[in-house]
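*Asks:* sharing a model that was predicted from the sequence below.
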Amino acid sequence: MPSERLTARYARLFEVRVLHHYWLDDGDTIFDALPADSQEDRLRRYDVRTLLAIEPTKATAAQLAGLHAVWKATSLGLLVGLPAEVSVPDTSAFEFTLRVLDPDFSGYTAYGLIVPASADVFETSTLRVLRFRSDAALYTNLTGCARGTAGARQLFLTREPPARQDSDRVESIVNDGDALVQLLSDPPAAETVVLADAVGDLPAFATHADIPAIAPLAGVVGPLPPQGVRLPDGAPADTHALIRIVAVRSDDSDFSCTAGAVAKPAAPVFQVRFKNRRTLWRRYSKSSPGSLLGEEGPFPLTYAGNPSTAQKPTSRVVKLDRAGNAITNIVSEVFT
């Protein structure tokens, strides 16, 4: 008698791609402006798992198991799938932690020289310690933005770049009169570079707008950081950022993962884009290290390509020029 075999058809619930432009751009040419075959080649060679560890929180892992869902870390980020007929409550939310693995990550990432740090407070009502991560970002489809239209629409977990403010610091990426502008130094005399004449012409990069304010919390002992995230129970202490995906976004169905409480036929593909750092390339003589030969830039740091005809600097070490407390230049030194 033949054995009975039961099969379940799996459907993708969502995919998240975490792309870093240091590895994807070609010198001054942004990844999105490269020919299609070059883009495909870059993505085949790219592996975010060497840069960042992306993992579900304990609560999300249990939630996925309860839905008979599976998740998988990929070279581009992560994907989640589940049996196509399984019902997913509209209120479902899935959280993942991002941890930095590459020790050079901060050297080539334009992130305003922001380094998340842990802050613990004691909650008197529950007699437990709550851990916060100051200056850590939250990337979520609940507040993410889009580029393009119809079938070519790209969905980002990052917010629209914020309007430029007098308080913006070096490496801030901002909307300045509808142009996408990056600060290359601190105010009051901040040097800037125009990345695009219109904000919508480029991807939505991670910015300081993705770092949420932390609301006051009663009944705790210890100061709360002004901005960052509260870490879910069991989340790694060195979490760099959180990704939160909700099943349904009421104001934009493209960002929803489900329709009628089941996975949509075409799963949404969300993106987080990290901008590569720009530095002033300061050249010295190898034979006489104190002899300054000249300066170029600021140029973008990229793994491939070279915006200059001279030797590229390493991405591992950058230095800061200061005038008092203000940063006037982010510098890469080149010895030739």
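*Replies:* Noted; the coordinates are in hand. Residues are numbered from 1 along each chain as shown.

*Asks:* show me where this protein has helices.
*Replies:* With helices called from DSSP state H, the chain shows them at 21-24, 36-45, 58-66, 105-108.

*Asks:* mean pLDDT lowest for which of the ones you listed?
*Replies:* Of all the helices of the chain, the minimum mean pLDDT falls on helix 105-108 (a mean of 93).

*Asks:* okay, now the domains of the protein?
*Replies:* 10-160+204-274, 161-197, 278-335 (automatic domain parsing).

*Asks:* Throw the ones you listed into CSV and include mean neighbour count, thanks.
*Replies:* Every C-beta, even on glycine, is put in place using the N, C-alpha and C of the backbone. Shown next, in CSV, are the domains of the chain (neighbours: other Cβ atoms under 10 Å):
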stretch, mean neighbour count
domain 10-160+204-274, 17
domain 161-197, 17
domain 278-335, 16
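
*Asks:* against P212, how distant is D102?
*Replies:* 25 Å (Cβ to Cβ, to the nearest Å).

*Asks:* that older thread, and the domains of the chain, which one is worst for confidence?
*Replies:* domain 278-335 (a mean of 92).

*Asks:* who's in contact with the closest residue to P162 other than its chain neighbours?
*Replies:* Excluding its sequence neighbours, the residue lying closest to P162 (Cβ to Cβ, 6 or more residues apart in numbering) is A209, at 4.3 Å. Taking Cβ atoms under 8 Å, 6 or more residues apart in numbering as the contact definition, A209 lies against T158, R159, E160, P161, P162.

*Asks:* one more time with 10 Å
*Replies:* A137, T143, T158, R159, E160, P161, P162, A163, S172, I173, V174, N175 (Cβ atoms under 10 Å, 6 or more residues apart in numbering).

*Asks:* a markdown table for these, including distance to A266?
*Replies:* Formatted as a markdown table, these follow (distance: Cβ to Cβ, whole Å):
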| residue | distance to A266 |
| --- | --- |
| A137 | 27 |
| T143 | 22 |
| T158 | 22 |
| R159 | 24 |
| E160 | 24 |
| P161 | 28 |
| P162 | 31 |
| A163 | 34 |
| S172 | 35 |
| I173 | 30 |
| V174 | 33 |
| N175 | 30 |
